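Engineer: Quick one: sequence plus predicted model below, questions after.
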Amino acid sequence: MPHDHSHACGDGCHDHEDIPEAQGYRDNLYSRIDRDNIVVLNAEGRPSSAIKPWHERMDEQAYLESDADDQMIIRIPFTGSVKLRALLLKAGPADQTPRKVALYNSADDLDFSEIAERKPTQEFDVAQGREVGEYHVMPAKFPAATSITLFFPASQGADTTRIYYIGFLGQWTERNNEPVLAVYESRANPADHLKIKGIDGATYNA
């Protein structure tokens, strides 16, 4: 599966931050991920292998690894709408770490033939390391995400890319799928309206 894509690192690039133990679970969206409907392209393993609760973030027994080459697409849906604050990522080891990660907001139809032509909502350079990195997004670009698609365009030298842990921080809102009902009067019925007495003694319909 040969691919040849490149993305320039723009104003959305940030170095990763190691997360203090006491802060890692705050606003963690693990329970808001629709884990049964995660889609992974060009990878070995269960689609949800890298989606773990915070206390299992350092586990390296379960992971996603690219298959035919070092590229990978992971589409992660939520059970509602999310105002995203940060991506959490543990990858590697060493040159199996992705060079970049590109995020796409609510893009549910991207494959390798389409993603090269689509500008990411935001992207980051990925630092090597065995800890979980926190990559802060611009919240204005992810105000009500229903899914996040992650694209890893290349490793840092290995034949494959490996991802141990993916998480998100942000605010979740229940999706409202109920139809809005409105009642209209085709013809006003005076009997249904209150009578208001005017200062001149006349009565008027309210």
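Structural biologist: Done, it's in.

Engineer: got any ranges where this structure has weak pLDDT?
Structural biologist: Counting by pLDDT under 70, the chain contains low-confidence ranges at 1-25, 177-206.

Engineer: same thing but at 80, please
Structural biologist: Residue ranges of the chain with pLDDT under 80: 1-26, 175-206.

Engineer: Which stretches in it count as strands?
Structural biologist: For the chain, the strands defined by DSSP state E cover 17-18, 39-41, 43-44, 64-66, 72-91, 100-105, 122-125, 133-136, 145-152, 162-173, 195-197, 203-205.

Engineer: looking at those strands, which is closest to Leu29?
Structural biologist: The closest of the strands of the chain to Leu29 is strand 162-173. By C-beta to C-beta, the value is 4.3 Å. (Each C-beta comes from the backbone N, C-alpha and C, glycine too.)

Engineer: ok so, going back, Tyr30: which of the strands of the chain is closest?
Structural biologist: strand 162-173 (6.2 Å).

Engineer: So for Arg32, which of the strands of the chain sits nearest?
Structural biologist: Of all those, strand 162-173 sits nearest to Arg32, with 4.4 Å by C-beta to C-beta.

Engineer: want to try TSV for the strands of the chain, with distance to Met58 and mean neighbour count as columns?
Structural biologist: Shown next, in TSV, are these (distance: least, C-beta to C-beta, whole Å; neighbours: other C-beta atoms under 10 Å):
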stretch	distance to Met58	mean neighbour count
strand 17-18	12	12
strand 39-41	21	19
strand 43-44	21	18
strand 64-66	16	24
strand 72-91	7	21
strand 100-105	19	22
strand 122-125	21	20
strand 133-136	13	21
strand 145-152	20	23
strand 162-173	8	22
strand 195-197	71	9
strand 203-205	71	11
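
Engineer: Nearest to Arg26 among the ones you listed would be which one?
Structural biologist: Per C-beta to C-beta, nearest to Arg26 of these: strand 162-173, 7.2 Å.

Engineer: This completes my enquiry, with thanks.
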